[in-house]
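[1] okay, sequence plus prediction incoming.
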Amino acid sequence: MTESSITLQEFVESYVPGLVSKRLQEKPIPDMEGTDFSVQLVIKGERSLVYGISIKDAREITVHPGGLENPMLEVIIPEDVIRPLVDMVSSFTGRKQYDAVSAAKGRVTLEMGMPGNWTLPVTVRFNGADSPSVTISASSQDFAKMATGELSGPMAFMQGKVKLDGDMSFALSLANLMP
């Protein structure tokens, strides 16, 4: 089921540069000839990952595994910010989850409250359908607990840890996605 998923390395080395390049082609930034912008992305944790990203003339993007010497910016993201997402994705491995995903039609927007008081919006479209739709809001820690079975969705809702907005029957139909 996850054959089409990409690794973090592929995401940083291929997908992100493709998105940035496409954006820069669609909306070129004027007066950027002769510039070199550099940023270092550090995912800090048990095993830190470091990537340098350089953008020349606001047109050419290059990813440097292992980082850059003296980047203009350094962005450090704690692994625990990413871990709940990894836990959630890895929980979709059983037949019950496969059958639930196969049968679902609609759109879910997850609004994950992240450490540092910001929200990560993630939209999931099931089988190409945009409706029905529901927005589910919770902290990344509570999403991770639900994804691993440590906390049930209905219990989290009753405790006020999860808020739902939209088609409630669609939201309930997604209960089989959790372990």
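    Great, that's in hand.
[2] ranges for the strands of this protein?
    36-44, 49-56, 60-65, 73-78, 106-114, 118-126, 133-139, 163-166 (DSSP state E).
[3] measure how far the fourth one is from the centre of its chain, please.
    Between the mean C-alpha location of strand 73-78 and the chain-wide mean there is a distance of 16 Å, by Cα atoms, centre = their mean, to the nearest Å.
[4] ok, back up a step: TSV for the strands of the chain, including mean neighbour count and mean pLDDT?
    Any C-beta I mention is one placed from the backbone N, CA and C, and that applies to glycine too. Below are the strands of the chain laid out as TSV (neighbours: other Cβ atoms under 10 Å; pLDDT from 0 to 100):
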stretch	mean neighbour count	mean pLDDT
strand 36-44	17	86
strand 49-56	19	89
strand 60-65	14	90
strand 73-78	13	82
strand 106-114	19	89
strand 118-126	13	86
strand 133-139	19	94
strand 163-166	14	95
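[5] and of the ones you listed, who's closest to residue 13?
    Nearest to residue 13, of all these, is strand 60-65, at 4.8 Å by Cβ to Cβ.
[6] taking strand 36-44 as reference, get the angle to that closest one.
    Calculated by axes from the mean of the first three to the mean of the last three Cα atoms, to 10 degrees, strand 60-65 forms an angle of 30 degrees with strand 36-44.
[7] format the strands of the chain as JSON lines; extra columns: distance to residue 30.
    Shown next, in JSON lines, are the strands of the chain (distance: least, Cβ to Cβ, whole Å):
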{"stretch": "strand 36-44", "distance to residue 30": "15"}
{"stretch": "strand 49-56", "distance to residue 30": "15"}
{"stretch": "strand 60-65", "distance to residue 30": "16"}
{"stretch": "strand 73-78", "distance to residue 30": "21"}
{"stretch": "strand 106-114", "distance to residue 30": "34"}
{"stretch": "strand 118-126", "distance to residue 30": "30"}
{"stretch": "strand 133-139", "distance to residue 30": "38"}
{"stretch": "strand 163-166", "distance to residue 30": "41"}
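[8] all set now, cheers.
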